[in-house]
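[1] Structure for this input, please:
(chains A and B)
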Amino acid sequence: MLANASPTGAPVIETRGLTKVYPNSVGGVPVLAGVDMSIGHGEIVALRGPSGSGKSTLLNILGCLDRPTRGAYVLGGSDVSALTREEQAWVRLHYIGFIFQSFHLLGHATALENVTLPLHYAGVPRAKGEQIGRDLLSRVGLSHRHEHFPTQLSGGERQRVAIARALTGRPPVVLADEPTGALDTKTGAEIMRLLLELRDERKTSIILVTHDPEVANYADRQIFLRDGRVVDRSEVPDGARS
Amino acid sequence: MALGPETWRLAFKLVVRQPGRSALTMLGLAIGVGAFIAMVSFGEGARRSVVAQFEVLGTNLIKLQTFNPGSNPRPAVPLTDADVRFIQREATTVARVLPVARRNAAVAFGGEQRATWINGVAPGYLGLHSWELEGGGNFDQTDLDERAKVCVLGQSNVRALFGDRDPLGETVTLAGTMPCRVVGVLSEKGFSTNGNDLDDIALVPYTTYNANLTDRATYAYVEVEPTNKALVDAARDELTGILRRAHGLEGDDPNDFVASSPLEVIRAADRTARILGTLLASIAAVSLLVGGIGIMNIQLVSVAERTEEIGVRAAIGASPAQILTQFLVEGLILTLIGTLAGVTLGIVVATVVAESMGWPRVISPSGVGLSATFGVAVGLLFGYLPARRAALLDPIHALRRE
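    Numbering: from 1, shown residues only, chains lettered A, B, ... in the order given. The predicted structure is shown next:
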């Protein structure tokens, strides 16, 4: 369906004139008004902008959870802007990892079960999936927490499980929505360092939505959104820059 | 993924995770399936019990009686000796023909006299009507052929005429004219359901009766036994044809006789019992349906509660079809366990009730199979809606809810 992402030149993500208009939005004001952006392999990009700037909508479209009203979204060389729900699910499964502010782990499943969940949906045999999951949990520093349930883990540990889960399918893109938002500064910094390491090891592109300028500084590049458009950093007032 | 063992394992884990909730979900279906099995069993048990009671009457007898339909201008033609001989000669499906002549007349002994029912019968009459002999013997074919003046007395006559004396070998006078030797005494039968004294009876060979106790050889009724039980209907048809010819009836002429069989009564009772059984099963089917709705309700609540989980699974890459499958399998596991519990419940209830009511415990594999199939179908049907709702959840909204 999608060509394998080439490790060289071509961007892993490219959008052209991405527009989103909700049918019930006041006066037909678009939430996204023509977003052009390009993200390369292994690049970490921070997506910033004030509330209502369209960050969440853009992230949903990039994550194939939503579709643009107009415009093109090219992921790994293929246009994915008009897929069916089943096709979107397939793209999410193989091309995208999600990391959320509130972790969104399954409470009744162990750390290992949470991590191997994408492999279950991808049809990877259980034994092999568990091997991959154990290796990844060890990599994020949770070798002794495989059988723990989320409630038995600290916030930082939970986010590590979530990161491992986002990476099990070896997706070329990870979307992280405020990954440190629920963590204290020190733990947040640890999580960011872990993400940087994993990017270096796996050449995964990471798109990071954050309010925190310090967190944004971990990124290679920052993209500012305002009123549904990509703008220059200087156009966002400091107070609203977040 | 489809329906691999992993899907079943995960779904089973989810079912076990909330045992109380799962049990509650299954309860309605289990009761529905159980009720269905029990009701079908009650119906069948009651039916067999009723039929068994009627079968005591002798299912394979055909009774021929004279009958004048209101529309028939001709007077009723009594069944005659000629009819009996004609049947004996023509019929191929008939083993025995037993005519019964009957009148109310006096029986007298030693100055005592009373009115009784005198029946002219064949020797086989006793066996057919479950009469036992208390003393002496029955008259036999020779007595019949020779028109012997012998009789067998019922208890009411014995008590009234002989008191404590032994009647065997004594000679009584029937209808004031015919002396008759007492060869046997019947055991007491008591009263019939409509209050007749069954023991107020005297039996003589029908040939003797025709020769001495009546001026025309006609019969109150003729009982016919077919060569085997399966031939009751065929024999009835054949007898009808023979009697119509004997009576010279043609074309559309109505019958001037009735050929009836206890089998008809049994069939009527059987039909009634079947209707009752169907009614019971229908009520149970409604409870099964309600059980299915119970599954749907609780699964809908479950989907609502697990919105975040569904959103996470979708974001991770579970397709709508996979989520649908997961909930369907969950529903199927609940349904299967519920149905199994229902089958057990139904068999237990059916057994207990059958024992306390004293009718046969009838649990037909087809009845159990039907209700189990129905139960699983209902569970799947009502499990589908919640599963579909889960599959159609928008992951964006599902994840936003916190």
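[2] need the contact list for B:Val258.
    B:63-67 (Cβ atoms under 8 Å, 6 or more residues apart in numbering or on different chains). Placement of C-beta: from N, CA and C, glycine included.
[3] no, scratch that, I was asking about B:Val77
    By Cβ under 8 Å, 6+ apart, the contact set of B:Val77 is B:66, B:247, B:256-257.
[4] how about the helices of the chain, start to end?
    Since no chain was named, I'll use chain A. Using DSSP state H, the helices assigned to chain A run over residues A:55-62, A:85-95, A:111-122, A:126-139, A:155-167, A:185-202, A:213-216, A:238-241.
[5] that's the wrong chain, I wanted chain B
    Using DSSP H, helices in chain B cover B:5-17, B:19-55, B:81-90, B:125-128, B:141-145, B:155-162, B:206-212, B:232-246, B:262-305, B:307-316, B:320-357, B:365-392, B:395-400.
[6] Determine which stretch of the ones you listed is the most buried.
    Ranked by mean neighbour count under mean count of other Cβ atoms under 10 Å in any protein chain shown, the helices of chain B are led by helix B:307-316, which reaches a mean of 23.
[7] Tell me the helices and strands packed up against that helix.
    helix A:85-95, helix A:111-122, helix B:320-357, helix B:395-400 (3 or more Cβ pairs under 8 Å, 6 or more residues apart in numbering or on different chains; DSSP states H and E).
[8] The ones you listed: which one's closest to A:Val231?
    Checking the helices and strands packed on helix B:307-316 against A:Val231 by Cβ to Cβ gives helix B:395-400 as the closest, at 24.7 Å.
[9] what about that closest one, average pLDDT?
    Averaging pLDDT along helix B:395-400 yields 85.
[10] Quick check: the gap between A:Arg170 and chain B.
    For A:Arg170, the distance to chain B (Cβ to the nearest Cβ, to the nearest Å) stands at 13 Å.
[11] Phi and psi next, for that residue.
    phi 50, psi 50 (degrees, to the nearest 10).
[12] How about A:Gln101?
    The phi/psi pair for A:Gln101 (degrees, to the nearest 10) is phi -60, psi -40.
[13] Check the gap between it and chain B for me.
    Taken as Cβ to the nearest Cβ, the span from A:Gln101 to chain B is 9 Å.
[14] And for A:Val215?
    21 Å.
[15] Pretty sure that residue sits against A:Met192.
    Yes. Using Cβ atoms under 8 Å, A:Val215 is in contact with A:Met192, at 6.1 Å.
[16] Let me see the domain layout of chain B.
    Domain assignment of chain B by automatic domain parsing yields the ranges B:5-53+B:267-400, B:62-260.
[17] Any idea how far apart the tips of the first one sit?
    Across domain B:5-53+B:267-400, the terminal residues are separated by 32 Å (Cα to Cα, to the nearest Å).
[18] dump the residue contacts of residue 101.
    Just so you know, I chose chain A. A:177-179, A:181-182.
[19] Wait, chain B was what I had in mind.
    Residues in contact with B:Ala101 (Cβ under 8 Å, 6+ apart) are B:119-121, B:206, B:209-210, B:213-214, B:217-220.
[20] Separate out the buried members of those.
    B:119-121, B:206, B:209-210, B:213-214, B:217-219 (16 or more other Cβ atoms under 10 Å in any protein chain shown).
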